[in-house]
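**Q** pasting a predicted model and its sequence here:
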Amino acid sequence: MPRFFIKEENIKPDGKIRLFGDDANHISHSLRMRVGDEITVCDFFNYEYDCIIEAFTSDDVTLSVIKKHTGANEPSVSVSLFQGVPKSTKLEMIIQKCVELGISKICPVAMSRCISRPDEKSSEKKTKRWNMISQEAAKQSGRGIVPEVCDPVSFRDAIKKLKEHDVCFLCYEMCDETQDADIKTFLKRSISDKTKSVAFLVGPEGGISPVEAAYAKENGISFVSLGKRILRTETAPLCVLSCIMYESDNMK
């Protein structure tokens with residue numbers, strides 16, 4: 001069933017919903033839907049509204065709510081990715097695929113080895129586009145929420161935010177096998193039925209600098225290895241997120 005997101009205040013007390021702009025155009029012209037067809041509307045908070053199309057005009061589509069219920073597609077654990085800003089459009093792909101896999105939040109991180117360093121004006125424009133990509137991926141994959149892509153933060157701020165979660169770690173290709181764990185071992189001993197939030201950090205193309213690694217270690221952040229092969233910055237978060245979803249029993 002086609003899925004669209006709308007703010008809760010746009011759902012009227014009489015159970016009517018009006019969709020405008022791109023959404024209305026998509027329903028009438030791309031999907032070629034008709035009066036009486038069924039559609040799902042989500043309110044960004046994992047509430048879903050099963051609706052039928054009641055009427056079309058040249059400007060909007062009117063829906064009538066049949067049933068409201070909690071969405072069943074959201075993971076039981078909230079996962080946040082702190083991603084060293086990669087070059088080109090790699091972050092767009094990371095956002096799209098992570099949303100499909102169940103991410104809750106993505107926070108770009110300005111790190112010492114980042115090649116891409118957008119200024120404030122450019123960053124604001126990119127953040128808007130990143131959130132649009134997140135919303136489209138959420139529609140496609142049947143999510144009940146649209147994961148937020150926040151404005152880029154500094155590495156030190158990222159470390160501070162990581163520590164706010166139940167489980168947090170940093171993916172590091174220079175792990176010490178005598179002190180640090182591989183991803184499988186770490187998740188198995190860290191995630192339980194009581195785990196509500198997990199956060200992890202992935203470096204940019206150039207990796208994590210020794211200074212950044214030392215700062216993370218000083219602040220009690222665990223280092224985790226993703227195996228003997230070096231993964232690209234756009235591959236690592238997908239690998240980690242899949243492992244988290246599996247270990248937290250969210251792959252059923």
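**A** All right, it came through fine.
**Q** so what's the residue count around I145?
**A** 21 (other C-beta atoms under 10 Å). In short, each C-beta sits where N, CA and C put it, glycine included.
**Q** quick one: it and P75 touch, right?
**A** No: look at I145 against P75 with C-beta atoms under 8 Å: they stay out of range, at 10.3 Å.
**Q** what sits in contact with each of these two?
**A** Residues touching both I145 and P75 comprise S104, with contact defined as C-beta atoms under 8 Å, 6 or more residues apart in numbering.
**Q** pLDDT below threshold where in the stretch 101-250 of the chain?
**A** Along the stretch 101-250 of the chain, the parts satisfying pLDDT under 70 run over 178-179.
**Q** after the longest helix anywhere in the chain, which helix or strand is next? Please name it.
**A** Secondary structure of the chain per DSSP state H: the longest helix is helix 120-141. Going down the chain from helix 120-141, the next helix or strand is strand 148-149, by DSSP states H and E.
**Q** so which elements touch that following strand?
**A** Packing partners of strand 148-149 (3 or more C-beta pairs under 8 Å, 6 or more residues apart in numbering; DSSP states H and E): strand 105-110, helix 120-141.
**Q** what strands flank that strand, and is each parallel or antiparallel?
**A** Here strand 148-149 is paired, per DSSP bridges, with strand 105-110 (parallel).
**Q** so which residues make contact with the partner strand?
**A** Residues outside strand 105-110 that contact it (C-beta under 8 Å, 6+ apart): 78-85, 91, 94-95, 98, 117, 130, 134, 147-155, 158, 161, 201.
**Q** from the chain's centre, how far out does that strand sit?
**A** When C-alpha coordinates are averaged (C-alpha atoms, centre = their mean, to the nearest Å), strand 105-110 and its chain have centres 10 Å apart.
**Q** now stretch 52-65
**A** Computed by C-alpha atoms, centre = their mean, the chain-centroid distance of stretch 52-65 equals 30 Å.
**Q** how far does that stretch stretch from one end to the other?
**A** Stretch 52-65 has an end-to-end distance of 7 Å (criterion: C-alpha to C-alpha, to the nearest Å).
**Q** would you mark the buried spots in that stretch?
**A** Buried residues in stretch 52-65, counted by 16 or more other C-beta atoms under 10 Å: 53, 60-63, 65.
**Q** cool, stretch 102-116 as well?
**A** 102-111, 114, 116.
**Q** now swap in stretch 150-160 and tell me
**A** 152-153, 155, 158-159.
**Q** now stretch 27-42
**A** Neighbour-count burial for stretch 27-42, with 16+ other C-beta under 10 Å as criterion, is recorded at 27-28, 33, 39-42.
**Q** would TSV of the residues you listed with distance to L19 and secondary structure be doable?
**A** Formatted as TSV, these follow (distance: C-beta to C-beta, whole Å; DSSP: H, G, I helix; E, B strand; the rest coil):
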residue	distance to L19	secondary structure
I27	7	helix
S28	10	helix
M33	11	coil
I39	9	strand
T40	12	strand
V41	8	strand
C42	12	strand
